[in-house]
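Peer 1: Sequence below, structure please.
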Amino acid sequence: MTFRLEGHEHRVSIVSSGDSLECDACDRSSGDGFSCSECKFTVHRKCAFVFMTEDIFHHPSHDGHCLKLLTTGAPVHTDSKCHLCGKNTKHLLYHCYDCKVNLDIDCMIDGICTLARLSKPWHPHLLLMVDFSSDMWCDFCYEGGKHGYFCPRCRLVIHESCVSVFDSPEINHPSHLSHPLKLITNGAPDYTEDRSCHICGKETGNLLYHCDICKFNLDMECAVENPIPVALSDLKVHEHTLTLMPRLISFICDACGTKGDRAPYVCVQCDFRMFHQKCARLPRVIHVNHHDHRVSYKYPLGPGEWRCGVCWEEIDWSYGAYSCSLCPNYAIHSLCATRKDVWDGKELDGVPEEVEDIEPFKRNDDNTITHFAHEHNLSLHNDDEESSLCGACVHPIGSYTFYKCSKSYCGFFLHERCANLATKKRHFLSPQPLDLSLQWIPYVLGRCRACRQMFSEGFIYNSYRDKFDLLCSSITVPFIHGSHDHHLLYYKLRYGQVKTCQNCGIDETEVLGCSKCNYYLDFCCATLPKTVMLPRYDDHPLTLCYGDENASGKYWCDICERETNPKTWFYTCKDCGVTFHILCVVGDIRYAKPGGKINGDYELLANNSSSRPLCSTCHCRCPGPFILNKERNNIFFCSYYCLGLSREHAYSSVDVCPPWAI
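Peer 2: A predicted model of the protein is given here:
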């Protein structure tokens, strides 16, 4: 994920505080920030909004000339040292092209500090009174905007309305009764080995309470905003009262079996069993999206060869875990079961389990049903209906057993397997249960959250805010795919992180992958059909080929007549030897029927005429199974991709490369 940083020409990536960011402005590693792959620099968020600004014309040590921020180091054939302090400059520096003078960031800070005039008893440096932007956050309330105090040296940012916290320069805190804690506003002292909070482990930043004798740190959240209790009782996962041990100590948590390095809760009555602060509050009974039944916490899990139903790693049975009473071999790590993308956050201990009605239809007799998605009765048939489409998966009925509407004028069909789709299901893509429904909004395309493919017809599974097509919602993990020797697991990445699809090269935040081999697929590529019929171009079934590293020579797509890359995925006919681009075969609208409309005035037409029309955006012959035609005039689009581009470029005559050629 990239971000536009004001004052910089390139887009930058967001770097979280856990990714060991080494800032090129202040040389500190803590805090979140930005990284520019073009200029090869990283910078803290606060430092970015101090230095990534307009050129400086009035610096005390070089007044009268423009000092320009450089992000790729000193210019070639110039001295790379700072002309004030003599130190080597880094990626970020200020340079005067008239005098060939370099100033490193530290010397620039010294210049900015000469402008500071405000002296406050609670801070050791002089301060500036400034108006903060929305991206410059207060160190106490973590909100942007307003006006307040700023320290150029230690990057302290504090709203004027938040300085009331400094009314108590010393506090007595229950987590550190031995000595009073002193307020510090310029970060933890350098002599402190662990500069993070000794209770929660988060970075303390500029504001913290500190004990010089014990070298003990306490951040503002644990000290003032949300102090952690020193004792816990009436817990779901342990029968005794637990007491906080507020010190840096290495331990193995009895609830989850993983390591901890600070402030555990301990049980004095159970030979000092230790728990992470989060694990001490684990729920007893929950529902997870990887399993159909409730799971309950159990300590210890008990002897056996257990494997987690989420991460698929081994579970140490001597620690706590969640297991299913109905499925004797199913268990989940405690931390995996309570992840936000796995658990819906509801504690079900003491809540009676309701029997959910997931049947999609009412059976009238052996051959007739009343389905929730259709107003008329449906009768069972097994004759061939090759030209008719299933109302659920929008694929040809073919020779499969199917249900047909009893009204001859209706023309509604359902594969028998599609008619039996459960109306409710739990799936790893959503912590909330998914409901089966019909994509019913007229003239509007839906988009599957997982594969990002468009659909205009058929059944979908949806939660309160997301929609998933039938293919993505049918995937189970571990997922077996022909392109890789190992099974693939589901990964939902943190904000700012992506994985690159092995096939299409697109970065996604939700993927199926093998972390050991660094092999990942996005949902669009993972759900491509392995075989497909394309009678108009070939009488044989086309097979998905996962690329040939040893291929040589040129290959051409028989549909769009452009070159294909045989080292990436493509469709091929084993009998005829022809090759096709993937998108030329399947298109980018996955579930659609000819004659439907989208966006009000664009009609979906089958691309089966003898002469393929020209796309108004990419100016290529429309290759996909559908074309979009505006109000039956001569404006055609080969895909939803090109329709979107047409709005951006207003029907520009520039030759845009279509998705088929990628």
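
Peer 1: Now do residue 463: how many residues are near it, please.
Peer 2: By other Cβ atoms under 10 Å, 18 other residues sit near residue 463. The C-beta positions use only the backbone N, C-alpha and C, and glycine is treated the same way.

Peer 1: ok, now residue 505?
Peer 2: Neighbours around residue 505, by other Cβ under 10 Å: 10.

Peer 1: sec struct for it, please.
Peer 2: When the structure is split into helix, strand and coil by DSSP: H, G, I helix; E, B strand; the rest coil, residue 505 lands in coil.

Peer 1: so how far is residue 148 from the closest residue in space to residue 144 that isn't next to it in sequence?
Peer 2: Leaving aside its chain neighbours, residue 144 sits nearest to residue 134 (4.0 Å; criterion: Cβ to Cβ, 6 or more residues apart in numbering). Distance of residue 134 to residue 148, computed by Cβ to Cβ, to the nearest Å: 14 Å.

Peer 1: Which one of the two is surrounded by more residues?
Peer 2: Higher neighbour count among residue 134 and residue 148: residue 148, with 23 against 9, using other Cβ under 10 Å.

Peer 1: now for whichever helix or strand that one is part of, which elements pack on it?
Peer 2: Under the criterion of DSSP states H and E, residue 148 resides in strand 147-150. Contacts of strand 147-150 with other secondary structure elements, assessed using 3 or more Cβ pairs under 8 Å, 6 or more residues apart in numbering; DSSP states H and E, are made with strand 128-131, strand 157-159.

Peer 1: Between those, which shows the greatest average number of neighbours?
Peer 2: strand 157-159 (a mean of 23; mean count of other Cβ atoms under 10 Å).

Peer 1: which stretch in the helices and strands packed on strand 147-150 is the model least sure about?
Peer 2: Comparing mean pLDDT over those, the weakest stretch is strand 128-131, at a mean of 84.

Peer 1: partners of it, with directions?
Peer 2: In its sheet, strand 128-131 lies beside strand 147-150 (antiparallel), with partners assigned from DSSP bridges.

Peer 1: List the buried residues of the strand it pairs with.
Peer 2: 148, 149, 150 (16 or more other Cβ atoms under 10 Å).

Peer 1: now the strand holding residue 148: mean pLDDT?
Peer 2: Along strand 147-150, the predicted confidence averages to a pLDDT of 88.

Peer 1: what does stretch 298-309 give?
Peer 2: Averaging the model's pLDDT scores along stretch 298-309 yields 93.

Peer 1: Also stretch 325-332?
Peer 2: Per-residue scores along stretch 325-332 average to 92.

Peer 1: next one: it to chain centre, how far?
Peer 2: 29 Å (Cα atoms, centre = their mean, to the nearest Å).

Peer 1: can you redo the helices and strands packed on strand 147-150 as JSON lines with distance to residue 472?
Peer 2: Conversion of the helices and strands packed on strand 147-150 to JSON lines gives the following (distance: least, Cβ to Cβ, whole Å):
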{"stretch": "strand 128-131", "distance to residue 472": "47"}
{"stretch": "strand 157-159", "distance to residue 472": "43"}
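
Peer 1: Ok, which of these comes nearest residue 642?
Peer 2: Closest of the helices and strands packed on strand 147-150 to residue 642 is strand 128-131, at 45.2 Å (criterion: Cβ to Cβ).

Peer 1: The residue nearest to residue 286 when sequence neighbours are not counted: how many residues sit nearby?
Peer 2: Of all residues not flanking residue 286 in the chain, residue 343 sits nearest, at 5.5 Å (Cβ to Cβ, 6+ apart). A count of neighbours around residue 343, defined by other Cβ under 10 Å, yields 21.

Peer 1: My guess is residue 343 contacts residue 285. True?
Peer 2: No - between residue 343 and residue 285 there is no contact under Cβ atoms under 8 Å: 11.2 Å.

Peer 1: Between the two ends of stretch 363-373, how far is it?
Peer 2: For stretch 363-373, the first-to-last residue distance is 14 Å (Cα to Cα, to the nearest Å).

Peer 1: same thing with stretch 438-448?
Peer 2: Stretch 438-448 has an end-to-end distance of 14 Å (criterion: Cα to Cα).

Peer 1: same question for it, mean pLDDT?
Peer 2: Mean pLDDT, stretch 438-448: 71.

Peer 1: again with stretch 97-110
Peer 2: Per-region confidence: stretch 97-110 scores 81 on mean pLDDT.

Peer 1: next one: stretch 254-266
Peer 2: For stretch 254-266, the per-residue pLDDT averages 94.

Peer 1: quick one: the helices in this structure?
Peer 2: The residue ranges that make up the helices of the chain, judged by DSSP state H, are 45-51, 105-113, 220, 334-337, 416-419, 470-473, 523-526, 582-586, 640-649.

Peer 1: so how far is the last one from its chain's centroid?
Peer 2: It refers to helix 640-649. Distance of helix 640-649 from its chain centroid, counting by Cα atoms, centre = their mean, is 26 Å.

Peer 1: Give me the buried stretch members for that helix, please.
Peer 2: 640, 641, 642, 643, 645, 646.

Peer 1: what's the burial count for the nearest residue to residue 422 once chain neighbours are set aside?
Peer 2: By the measure of Cβ to Cβ, 6+ apart, the closest residue to residue 422 outside its immediate chain neighbours is residue 358, 4.2 Å from it. For residue 358, the count of nearby residues is 14 (other Cβ under 10 Å).

Peer 1: cool, and the one 5 residues further on?
Peer 2: Counted by other Cβ under 10 Å, the residues lying close to residue 363 total 10.

Peer 1: Surely residue 475 and residue 521 touch.
Peer 2: No - Residue 475 sits out of contact with residue 521 when judged by Cβ under 8 Å, with a separation of 10.9 Å.

Peer 1: okay, the buried residues of helix 640-649 in TSV with distance to residue 324 and pLDDT next?
Peer 2: Formatted as TSV, the entries for those read as follows, by distance: Cβ to Cβ, whole Å; pLDDT from 0 to 100:
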residue	distance to residue 324	pLDDT
640	42	81
641	44	81
642	49	84
643	47	81
645	49	77
646	52	72
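
Peer 1: What is the nearest of those residues to residue 48?
Peer 2: With Cβ to Cβ as the yardstick, the closest approach to residue 48 among these comes from residue 645, at 32.4 Å.

Peer 1: Residue 94 versus that closest one, what's the distance?
Peer 2: 41 Å.

Peer 1: Please apply the same query to residue 539.
Peer 2: Summarising the geometry, the distance separating residue 539 from residue 94, computed by Cβ to Cβ, is 69 Å.

Peer 1: ok, now residue 469?
Peer 2: The gap separating residue 469 from residue 94 is 53 Å, by Cβ to Cβ.

Peer 1: quick one, which of these two is more surrounded?
Peer 2: When neighbours are counted by other Cβ under 10 Å, residue 469 and residue 94 differ, and residue 469 comes out ahead with 27 against 24.
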